[in-house]
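> I need the structure of the sequence given here:
(chains A and B)
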Protein chains: 2
Amino acid sequence: MKVAANLLLRHAREVITCAGRLPAGAAKADFHPGPLGLIADGAVAIADDRIVAVGRTADVERAVSLTAGASVVDVGDAVLAPGLVDAHTHALFAGDRAAEFSLRVQGAGYAEIAAKGGGIAASVKALRAAGDEALRAALAKRLDAMARFGTTTVEVKTGYALETGHELRSLKIARSLGERVVPTFLGLHAVPPEMRGAGDGRARYLSTVAGKMLDAVLREGDARFIDAYVDGPGFSVAECAPTLERAKSLGLRARLHVGQFEDVGGAEFAAALGAASADHLEHVSDEGLRALAAAGVTAVLLPGAAFSLGQPMPDARRMRALGVAVALATDCNPGTSHCDALPWMAAFGVRQMGLSTVEAWFAITATAAGCLDLPDRGRLAVGARADVAVLDLPGWEALPYVLGSPRALATVTGGVLREWG
Amino acid sequence: MKVAANLLLRHAREVITCAGRLPAGAAKADFHPGPLGLIADGAVAIADDRIVAVGRTADVERAVSLTAGASVVDVGDAVLAPGLVDAHTHALFAGDRAAEFSLRVQGAGYAEIAAKGGGIAASVKALRAAGDEALRAALAKRLDAMARFGTTTVEVKTGYALETGHELRSLKIARSLGERVVPTFLGLHAVPPEMRGAGDGRARYLSTVAGKMLDAVLREGDARFIDAYVDGPGFSVAECAPTLERAKSLGLRARLHVGQFEDVGGAEFAAALGAASADHLEHVSDEGLRALAAAGVTAVLLPGAAFSLGQPMPDARRMRALGVAVALATDCNPGTSHCDALPWMAAFGVRQMGLSTVEAWFAITATAAGCLDLPDRGRLAVGARADVAVLDLPGWEALPYVLGSPRALATVTGGVLREWG
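Residues are numbered from 1 along each chain as shown, chains lettered A, B, ... in the order given. Below you'll find the predicted structure:
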């Protein structure tokens, strides 16, 4: 009995399925590509938005019957990989902050930039002023730029709105891009500019987020996760706890900004909450990492931000050694990592963070999908969502080796093929 | 009297002409964009392979008359910049060395890699085995990948041949790509594998390069420069001098690999030779830099290699402070920097090498063209070659700010427009 397919990608030099299991706590020398589930001269068959067969081209062709009008793509010299998964972005923003970047690389500090109207406040002002269509178009353009590097799933946080109406609007716009986007509510990104300074603005904002704003977010139902900036320049654990514990009790899972600048106990907090992920982790103790490992919280590391801020890279090797699952993400945002190139994060991960190439593949595919609670993505396997990247690479080992490429020659997203020329 | 044009790029958000003069020895704080010669709502008019007008769109439209069948491109939100110039690559190679890269990032040293058949020897073997058409196609593909980042001129070295016939063949293939490529003869890249080990192989090879091989290269006339790897793992100044001094006396100018691993006096040697450039410079003394400045030798810095090898970045700030002209290049090669993305080198230059954004623009345009003895490239000015990059950037300050982009939406190379989708 053959299975029907309406899209067949075949004769790939190599299929990188990521369908195996990456050992927990592996040493770097554990370099065996077994978990990548490699297939030479491989093929992937798709029916609508699901993968129905993966294997050697000859075997897949025997197993499927193509429907009338089915598309057949000869992949040739390229490789097939799971559509890449970017598990941490702030890609819904208006305008840019290139001038602020110029100031920063010339040595301007945070205070000077803020005094000149830079920082998150600049993005808040721009987002609130932008119309729905302009915001949606800007996000759609960024998603396409990411797809040119093979990315088919992108987590997108709010947090440049910081006001109930605009936060809801942000979530709705992110949601409107469909299953490519995983919307996360980040009301606790910063105190909104109009509530800073003297008085009880900070306390009032925290109370609004924990109450009215969270209620509205849950009522609208557009957010898949809740996030908070648990850090020295952000919020303390005590400040975040009321919102995040209430969200948890109401069924909204957390992913947290932790330790980008200071270790204020965010990792332990993420573990206690049962968060899906703890992100950044430039500053974290071994105790914090052990807590993450024990609670099954994924570390989402963001080398683009460390690169732009001149910070030390997070120590992915140490995390892996302590049993923490590690994902890599672009942190795409207008302030500290205006980045759409997820494969470059793998290049940093392998060169400067101690990951093996096998670990780097999982960090931008299956592990990233796992921490977005999307177990049917990030792997090429029967039953998985039909998200595939056709990458201009000579083979799996070349992922971190090439700089600039790999270009995605095409992507399949939920079964929809796009060729990128 | 209007000037005729057959291609008009108009209504660009900004034209970055790089037509001004970057002050020598500038401090980083000297951040004024004046030398970039910015033009808002700008246009560039082209007749065949030359630029015939640059200015505000309204002024350019008044100044030119379009020929029948002329193309008019509304650039809109993008910027126009000089086609980028990559002044140091080894982009003519066969195969890849991804597996060797994997070994290296896992801690394997040079000796272990060489023992496994890696290193330059692997590329020599692959190049000698590859047919002309395959080599040409691989180089053409890389040039197109670079063009997608805006690069329109690429210096290409030989040095994976290391045998007279194959060196000549390499130069001929590089030359066959036309004016996009500047071919450099790099016979002194390494001792060929078959002449290593015991005996006088090294001495015989040096004598062959200085004599028969150089004679043949000059006779064929395909090389625009000569290069040598003046470094601890390469050749000493004394070993290189006979070849380079003879080449100089016969009219072939030098550009040299200097101080990637060790300072063996290469900078002083480059200055004494009146070389066009001294490249790498991870290890160089202030005396060496002062010699380069006094002799007008451009420093071509290669952050992709330092990034891949885990080396400290060359100190571009120090070089600029001592009056050295600084270019940035990809070093595109299969061993240490498999990179086609020149704008990323600007991102490293600004973040980790102390360049200002203005300096970074010159480093990949006018300064790079200057050290290739191509004063009619790297600037948008009347009379210059029609090499233009249409970059998806919000403005000049965003060059190092965006990571992954900027994508070139189109390039014009010698007057020929290509849209990159």
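
> Longest helix in chain A, by number of residues?
helix A:132-147 (DSSP state H).

> Show me what the next helix-or-strand element following that helix is packed against.
Next in sequence after helix A:132-147, counting helices and strands by DSSP states H and E, comes strand A:151-157. Applying 3 or more Cβ pairs under 8 Å, 6 or more residues apart in numbering or on different chains; DSSP states H and E, we find strand A:151-157 packed against strand A:84-86, helix A:132-147, strand A:181-188, strand A:388-391, strand A:408-413. Placement of C-beta: from N, CA and C, glycine included.

> so strand A:151-157 versus strand A:408-413, what angle?
With axes from the mean of the first three to the mean of the last three Cα atoms, to 10 degrees as the basis, strand A:151-157 and strand A:408-413 are set at 70 degrees to each other.

> List the residues that contact the nearest residue to A:A325 once chain neighbours are set aside.
Distance criterion Cβ to Cβ, 6 or more residues apart in numbering or on different chains; nearest residue to A:A325, sequence neighbours excluded, is A:T298 at 4.5 Å. Counting by Cβ atoms under 8 Å, 6 or more residues apart in numbering or on different chains, A:T298 touches A:87, A:276-278, A:292, A:324-327, A:367, A:370-371.

> got it, and A:C18?
Here A:C18 is in contact with A:35-37, A:81-82, A:361-362, A:365-366, A:378-380 (Cβ under 8 Å, 6+ apart).

> Now name the helix or strand holding it.
A:C18 belongs to no helix or strand, assigned by DSSP H and E.

> Mark out where each domain of chain A begins and ends.
A:3-82+A:380-419, A:84-371 (automatic domain parsing).

> Reformat the ones you listed as TSV; add distance to B:W344.
Shown next, in TSV, are the domains of chain A (distance: least, Cβ to Cβ, whole Å):
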stretch	distance to B:W344
domain A:3-82+A:380-419	6
domain A:84-371	8
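
> which of those is buried the deepest?
Counting by mean count of other Cβ atoms under 10 Å in any protein chain shown, domain A:84-371 has the highest mean neighbour count of the domains of chain A, with a mean of 22.

> Quick one: end-to-end length of that one, please.
With Cα to Cα, to the nearest Å applied, domain A:84-371 spans 13 Å between its terminal residues.

> ok, now stretch A:78-87?
First residue to last in stretch A:78-87 (Cα to Cα) measures 25 Å.

> Which strand or helix spans the nearest residue to A:A47 once chain neighbours are set aside?
Nearest residue to A:A47, sequence neighbours excluded (Cβ to Cβ, 6+ apart): A:A5, at 5.1 Å. Using DSSP H and E, A:A5 falls within strand A:3-16.

> Residues contacting whatever helix or strand comes next after that strand, please?
Note on strand A:3-16: by DSSP H and E, the next helix or strand toward the C-terminus is strand A:38-47. If you take Cβ under 8 Å, 6+ apart as the criterion, strand A:38-47 is touched by A:3-17, A:51-58, A:60-61, A:63-64, A:67, A:80, A:380, A:386, A:388, A:396, A:412, A:415.

> Neighbouring strands - and their directions - for the strand holding A:A5?
In the sheet, strand A:3-16 lines up against strand A:38-47 (antiparallel), strand A:64-82 (parallel) (DSSP bridges).

> Could you dump the domains of chain A into JSON lines and include distance to B:A134 and mean pLDDT?
JSON lines is the format used below for those (distance: least, Cβ to Cβ, whole Å; pLDDT from 0 to 100):
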{"stretch": "domain A:3-82+A:380-419", "distance to B:A134": "12", "mean pLDDT": "94"}
{"stretch": "domain A:84-371", "distance to B:A134": "26", "mean pLDDT": "96"}
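
> Please name the residues that touch the residue in the stretch 251-400 of chain A positioned nearest to chain B.
Residue nearest to chain B within the stretch 251-400 of chain A (Cβ to the nearest Cβ): A:A341, separated by 2.8 Å. With contact set as Cβ under 8 Å, 6+ apart, A:A341 has these partners: A:146, A:149, A:330, B:403-405.

> ok, now A:F149?
A:84, A:340-343, A:406-408, B:404.

> now, the most widely separated pair of those residues?
Every pair in the contacts of A:F149 was compared (Cβ to Cβ); the two farthest apart turn out to be A:D340 and A:P406, at 13.5 Å.

> wait, A:A161 sits on A:A174?
No. Contact criterion Cβ atoms under 8 Å: A:A161 and A:A174 do not qualify, at 11.1 Å.

> ok, A:R202 to B:E419 distance?
Distance of A:R202 to B:E419, computed by Cβ to Cβ, to the nearest Å: 51 Å.
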